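Asker: below are the sequence and a predicted model; questions follow.
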Amino acid sequence: MKKVTCKDCGRVYDFDKDDFCPKCGSFNPPVDEGATILERDLLSRFEGNRTQQAADGARQRERQKARSTEAMPQRSYSYACAPSVKVAAPQAKGQYWHGGEPCEEAEAKGGARRGLIVLLAAGVVLLAALVVFVVLPTLGADGESAYETHALSGDFSMGALEISIDDVRWLTLTEGSRLYREGYDLLLVDVYITGGAEFDRQFPFGSVYLAMPGDWYIPLERDELTAGRLRDLSVYMVELRDVVWEDPLMGSFAFYVPRGVDTATLCLEETEKKLFSGEGTLKAVHQVPLELSGREGAEK
């Protein structure tokens, strides 16, 4: 058994069982009488480093032990910013007051609430102004559309469009014609329209139709097959929204009208876009009375 004495704390212990002091952790090797000077120097350096590490570890453990046992310092504060009421802060382990003083935090919360109220009030005022000055004017009065009557061969405005109804003519069809429909003749209304450059392709144009006696209607012919067969007869069939692609637009509205009808009214709906949805709302109906007597025309 080799006994050594610790250089740091003086503890005597068995070096064969433990290289380090069991009390302070210092490394205390016995002096090797047979070692060279260089070996002793290296050994002493190693011993110094290990001793310093052990001492640092011991001091760290002491500090941790002291922090775990010391009591939290007392601190007084007031509830609801009342300077006359002082209460000791909680002393239980793990209970801490985060942030500033309670009075300061209460003032900050009050300012945030006031700011939120101001923002909400401004939003309500803005929404009310939007409804009164923007939305309501687009709804129209009682949802009723205005009716405007124009004379044949006269010009009139429909929004940004300038429209001229130039002539009305019949295309009498025989049974051998590819355009033939039993009991009907083809009515052509020649039109000249400008102003289509004001609209985009998604603009919601209204309908074009013939209002007949007895409150019934004939829709505008839009069949592509019919349009192709009319082109073979040098008739350019158009619809209202074609003015977006062709400005000016020159062609004919086509209607299949039953035989025996003498009068009709050409109707063109004027629409405008809704503010947010982009859909169309009816603004006015432009009417042009037509005389349909005397169906004269070439038989095809």
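Answerer: All right, it came through fine.
Asker: quick one: the strands in this protein?
Answerer: 3-5, 12-14, 76-77, 87-88, 146-149, 155-158, 161-171, 184-194, 208-212, 216-219, 249-258, 263-273, 280-291 (DSSP state E).
Asker: among those strands, which is nearest Asn28?
Answerer: strand 3-5 (5.0 Å; C-beta to C-beta). No exception for glycine: its C-beta is placed from N, CA and C like everyone else's.
Asker: what mean pLDDT does that closest one have?
Answerer: Here strand 3-5 scores 79 as its mean pLDDT.
Asker: hang on, the earlier thing: how about the strands of the chain in CSV, adding distance to Gln60?
Answerer: Listed next are these as CSV, based on distance: least, C-beta to C-beta, whole Å:
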stretch, distance to Gln60
strand 3-5, 25
strand 12-14, 23
strand 76-77, 34
strand 87-88, 32
strand 146-149, 92
strand 155-158, 91
strand 161-171, 90
strand 184-194, 93
strand 208-212, 93
strand 216-219, 94
strand 249-258, 93
strand 263-273, 77
strand 280-291, 80
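Asker: out of these, which is closest to Leu126?
Answerer: Closest among the strands of the chain, once you apply C-beta to C-beta, is strand 263-273, at 22.4 Å.
Asker: which of the strands of the chain has the lowest mean pLDDT?
Answerer: strand 87-88 (a mean of 48).
Asker: show me where this protein has helices.
Answerer: 37-69, 102-130, 136-139, 224-231 (DSSP state H).
Asker: return the member of those helices having the minimum mean pLDDT.
Answerer: Across the helices of the chain, the lowest-scoring stretch is helix 136-139, with a mean of 52.
Asker: can you count the residues close to Asp232?
Answerer: 10 (other C-beta atoms under 10 Å).
Asker: and the gap between it and Glu148?
Answerer: Between Asp232 and Glu148 the distance is 36 Å, computed by C-beta to C-beta, to the nearest Å.
Asker: re the thing from before, tabulate the strands of the chain (TSV), appending distance to Gly110 and mean neighbour count.
Answerer: Supplementary listing: the strands of the chain in TSV, determined by distance: least, C-beta to C-beta, whole Å; neighbours: other C-beta atoms under 10 Å:
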stretch	distance to Gly110	mean neighbour count
strand 3-5	71	14
strand 12-14	68	13
strand 76-77	18	11
strand 87-88	21	9
strand 146-149	56	12
strand 155-158	60	16
strand 161-171	60	17
strand 184-194	64	20
strand 208-212	64	19
strand 216-219	67	12
strand 249-258	66	19
strand 263-273	47	19
strand 280-291	48	17
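Asker: based on its surroundings, how many neighbours for Pro22?
Answerer: For Pro22, using other C-beta under 10 Å, the count is 11.
Asker: I'd say it and Val12 touch.
Answerer: No. Applying C-beta atoms under 8 Å as the test, Pro22 and Val12 come out as separate, 10.6 Å apart.
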